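1. Quick one, what's the 3D model for this:
(chains A, B and C)
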Amino acid sequence: WVFVWEKGYQETDSVVSSVTTKAKGVAVTNTSKLGYRIWDVADYVIPAQEENSIFIMTNMIVTLNQTQSTCPEIPDKTTICHSDSNCSANSADTHSNGVKTGKCVPFNETVKTCEVAAWCPVENDAVVPKPAFLKAAENFTLLVKNNIWYPKFNFSKRNILPNITTTYLKSCIYDARMDPFCPIFRLGKIVENAGHSFQDMAIEGGIMGIQVNWDCNLDRAASLCLPRYSFRRLDTRDLDHNVSPGYNFRFAKYFRDHTGNEQRTLIKAYGIRFDIIVFGKATVLCDVIVLYCMKKRYYYREKKYKYVEDYEQGLAGEMDQ
Amino acid sequence: WVFVWEKGYQETDSVVSSVTTKAKGVAVTNTSKLGYRIWDVADYVIPAQEENSIFIMTNMIVTLNQTQSTCPEIPDKTTICHSDSNCSANSADTHSNGVKTGKCVPFNETVKTCEVAAWCPVENDAVVPKPAFLKAAENFTLLVKNNIWYPKFNFSKRNILPNITTTYLKSCIYDARMDPFCPIFRLGKIVENAGHSFQDMAIEGGIMGIQVNWDCNLDRAASLCLPRYSFRRLDTRDLDHNVSPGYNFRFAKYFRDHTGNEQRTLIKAYGIRFDIIVFGKATVLCDVIVLYCMKKRYYYREKKYKYVEDYEQGLAGEMDQ
Amino acid sequence: WVFVWEKGYQETDSVVSSVTTKAKGVAVTNTSKLGYRIWDVADYVIPAQEENSIFIMTNMIVTLNQTQSTCPEIPDKTTICHSDSNCSANSADTHSNGVKTGKCVPFNETVKTCEVAAWCPVENDAVVPKPAFLKAAENFTLLVKNNIWYPKFNFSKRNILPNITTTYLKSCIYDARMDPFCPIFRLGKIVENAGHSFQDMAIEGGIMGIQVNWDCNLDRAASLCLPRYSFRRLDTRDLDHNVSPGYNFRFAKYFRDHTGNEQRTLIKAYGIRFDIIVFGKATVLCDVIVLYCMKKRYYYREKKYKYVEDYEQGLAGEMDQ
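-> Modelled structure (predicted):
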């Protein structure tokens, strides 16, 4: 009896999944440094493709036209100096932008800092832009394409359901109540659904989980096996313990100037990484006497349309047999 | 007795795995836009490295020398206009390439469209090249290096088996019947083994799963624990429900012209992403009386070379004890 | 009784996790080819961001200023020729750098090889730099941020523990004995902890696993649920079977020369990929009579601070009930 309760009535399988994503949307910025500028997908998705994840840049600190040379460090308590004797040559700690030359040089009219050999000028990331530089990202959309497969039952399905047309896919937006099967999400709504503010999150970045749940009772019609979406901020933050918040990383675009010297534009990119997490278990019922579930499943399959209403309580319908 | 049947005879462990991949191959293209051109690994693998996945570009739409400026949108039902009043300034929907300036301008001699501030000229992706631009990718090869570890049994192995030599690895190609342990796969054969046409898939792209199964009975000799490869198209397609097929994404290469202005080449890359999916369970036998399997395992280990032929049926040999 | 032993006393849950990483450190190199040069994060982390993984370049072979043209292949047994008849035009095998033009041309004063249409000059990777080009990477640091969540128990935590301050995070370095909860790792120490030599590994590259174990008994205080780090080289190497060792890949930086022609710098990057592997199981105790553990858990929760010392042996305290 114990055995029956534990395993006898259910054969389960875990999901195999593939995910692709595609962002859409255009933003405009107008700053003294970069002028009027349009940002599209190729500018703000970094890297261009990943396996189960997509990063959308929402904020940034740009350092233009860096070259390999020497320049003063950004002032802080380890870099401010009064004379060359404060700057030991060839040393670098892990927070430096470069390697000290041994000289103490003027950073501006009032402050002197140790000179470094580095990509110069060095980045000054003391102030994070607020509101976020690409705050318009709130209205960008994200198409998630997800194919799943239950190997044991050889059952596969995609989240673009059979009744979804190309026209519908061009205009729909996911909404938990009104449009729960549209696979296109507005970025602002994803964050909001998880109980956070997009504009707050956009400043320092963070990680959002888009969870796709494919729990399915395969004794029922295949059309009843449907994805359920939920959203969760994965970099949980205690308001009272806000050490090392958000998400950012640095990358560079490399150029040659007209004399052939290498230059780069360094970008400290803040943004939201959307991790698509697919989970699910498929179950098929079987009874104690028929130990090999698969055979039984075909028998149930034949009956499934008749009994479908009885299965609403999961195992309940079967227990009476 | 029930308990014994369920768990008593087996201790299992799930696999920990690391994967690296390396593509090889060169393609030639000759088009009016790009001229005669050679494509190698650094050109068609994007991004250059990923964790369990590799993307090979097989087709593309290139838009050369885009700059930040204004230009007419590509004609479609939302962009075609007759006068400026059709183009509301500063608006952008998620499918736009840029932000409307409010002007209605000639796209060509017969059609006018709304002007946008954008990376100009905007991409025209109405026609996907057919056959695929890099159709020669069919003959590219993919080396998959996979190390696995069963922590509970401290058993590790790699898919480059001990008997594989450097010379063999330079020339072998995986073949399910002739060469099932060569870890180098011809891209065309991967797709074919999954029952699809490479040249069809190359046009709009897709996702292929390379499954590596390491199910092992560790009571047997370590040399009998071998990888088994299988292939599966993960973006399953219903022929009768072909909404949003394939796999593509956009990326850009940024340049400076001789006056220092930023330019970019935008590439809409279609291609095949190969996801390497490693799975497996190791089992070690133990009997009812010895509840702590590990101890028993060492005992079995000592006997394994003697009994190895008896284990062909898995559990059979042990049941008689 | 069997049932009780198997499942009755424990409700378990598997971990949901998000990981971000950030490397810090600067290296100096001075070679005849590249001159004196500083390397920072934007130069040696490729790609700039990944989901559970970070690649740090430690060694490289650079081929500067490649253009699309024709040039002799690197000499090896398939490329050396004596006359044009040895070089069949338009052929390319998977190990070629380009497509044969059909000519046999001088590679240097003594050797002739087949000419190829390719990115020229072709890369010569016969000699891997030793010691590693960026050997200073040993002192780089890696901050790992990891948030976990046990959905069933709605328990979440991050590896930056509540008592960690911003000041501490700026200076601490993980040490298994002295500082086991500092989430910042020195690269050299990670490799050393796994029993390998960083400088050896840096030459040809490899894969390191940083394992974060969150096994927790949630009947105890949340503050006792702590991450435990361990390190493991994932590309296990037999010294006596050293076929295809290490980890490397190729990428290119694309430029335009002053006449607008495309050039690229090809980099064969050797380095260490750090895969962050998070695992863990949360358990909550319950007894035979109360089958639905969750209800019981709240009851235990209330008692947990009182009983916490009794739980040191895991299940022991509960068995007596």
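2. residues from the stretch 51-200 of chain A in reach of chain B?
-> Residues of the stretch 51-200 of chain A lying close to chain B (C-beta under 8 Å from any C-beta of the partner chain) are A:51, A:139-141, A:143, A:145, A:147, A:149, A:156, A:158, A:160, A:162, A:164-166, A:169-170. For glycine as for every other residue, the C-beta is placed from the backbone atoms N, C-alpha and C.
3. hmm, 10 Å instead?
-> Residues of the stretch 51-200 of chain A lying near chain B by C-beta under 10 Å from any C-beta of the partner chain: A:51-52, A:54, A:65, A:136, A:139-141, A:143, A:145-149, A:151, A:156-158, A:160-171, A:173, A:183-184, A:186.
4. tell me the mean pLDDT over stretch A:114-133?
-> Stretch A:114-133 carries an average pLDDT of 95.
5. Next: stretch A:256-271.
-> Stretch A:256-271 comes out at a mean pLDDT of 91.
6. got the buried residues for that stretch?
-> Residues A:256, A:262-271 are the ones in stretch A:256-271 that count as buried (16 or more other C-beta atoms under 10 Å in any protein chain shown).
7. and the residues you listed as TSV, adding distance to residue B:206?
-> Listed next are the buried residues of stretch A:256-271 as TSV, based on distance: C-beta to C-beta, whole Å:
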residue	distance to residue B:206
A:256	37
A:262	38
A:263	39
A:264	35
A:265	35
A:266	36
A:267	32
A:268	35
A:269	30
A:270	33
A:271	28
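8. nearest spatial neighbour of residue A:265, skipping sequence neighbours?
-> Leaving aside its chain neighbours, residue A:265 sits nearest to residue A:253 (4.8 Å; criterion: C-beta to C-beta, 6 or more residues apart in numbering or on different chains).
9. Surely the one you found is in a strand?
-> Yes. Counting by DSSP: H, G, I helix; E, B strand; the rest coil, residue A:253 is part of a strand.
10. From residue A:205, how far out is residue A:37?
-> Distance from residue A:37 to residue A:205, counting by C-beta to C-beta, to the nearest Å: 20 Å.
11. Between those two, which has more neighbouring residues?
-> Using other C-beta atoms under 10 Å in any protein chain shown, the more surrounded residue of residue A:37 and residue A:205 is residue A:205, with 25 against 16.
12. Figure out the helix or strand that the residue nearest to the spatial centre of chain A lives in.
-> Central residue of chain A (C-alpha atoms, centre = their mean): residue A:274, 1.7 Å from the mean position. Per DSSP states H and E, residue A:274 falls inside strand A:262-279.
13. Taking strand C:262-279 as reference, get the angle to that strand.
-> Strand A:262-279 runs at 40 degrees relative to strand C:262-279, counting by axes from the mean of the first three to the mean of the last three C-alpha atoms, to 10 degrees.
14. Strand A:262-279 pairs with which strands, and in what direction?
-> Within its sheet, strand A:262-279 is paired with strand A:53-72 (antiparallel), strand A:206-213 (parallel), strand A:248-256 (antiparallel), according to DSSP bridges.
15. Okay, buried residues for the helix or strand just after the first one please.
-> Moving toward the C-terminus from strand A:53-72, the first helix or strand encountered (DSSP H and E) is strand A:99-106. Counting neighbours by 16+ other C-beta under 10 Å, one finds that the buried residues in strand A:99-106 are A:99-101, A:103-105.
16. do stretch A:200-210 as well
-> A:201-210.
17. which intervals of chain A have sub-threshold pLDDT?
-> Regions of chain A meeting the criterion pLDDT under 70 cover residues A:1-10, A:237-240, A:286-321.
18. Stretch A:137-149 and chain C in contact?
-> No. Counting by C-beta under 10 Å from any C-beta, no contacts exist between stretch A:137-149 and chain C, the nearest distance being 15.2 Å.
19. Give me the distance from that stretch to the chain's centre.
-> 11 Å (C-alpha atoms, centre = their mean, to the nearest Å).
20. Dump the C-alpha coordinates for that stretch into PDB.
-> Provided in PDB are the C-alpha atoms of stretch A:137-149 (Å, rounded to 0.1, in the frame of the first residue of the first chain):
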ATOM      1  CA  ALA A 137      13.700  50.700 -22.500                       C
ATOM      2  CA  GLU A 138      10.600  50.300 -20.300                       C
ATOM      3  CA  ASN A 139       8.600  50.100 -23.600                       C
ATOM      4  CA  PHE A 140      10.800  47.700 -25.400                       C
ATOM      5  CA  THR A 141       9.400  44.300 -26.000                       C
ATOM      6  CA  LEU A 142      10.800  40.800 -25.700                       C
ATOM      7  CA  LEU A 143       9.600  37.800 -27.700                       C
ATOM      8  CA  VAL A 144      10.400  34.500 -26.000                       C
ATOM      9  CA  LYS A 145      10.400  31.400 -28.100                       C
ATOM     10  CA  ASN A 146      10.400  28.200 -26.100                       C
ATOM     11  CA  ASN A 147      10.200  24.600 -27.300                       C
ATOM     12  CA  ILE A 148       9.800  21.800 -24.800                       C
ATOM     13  CA  TRP A 149      10.100  18.100 -25.000                       C
END
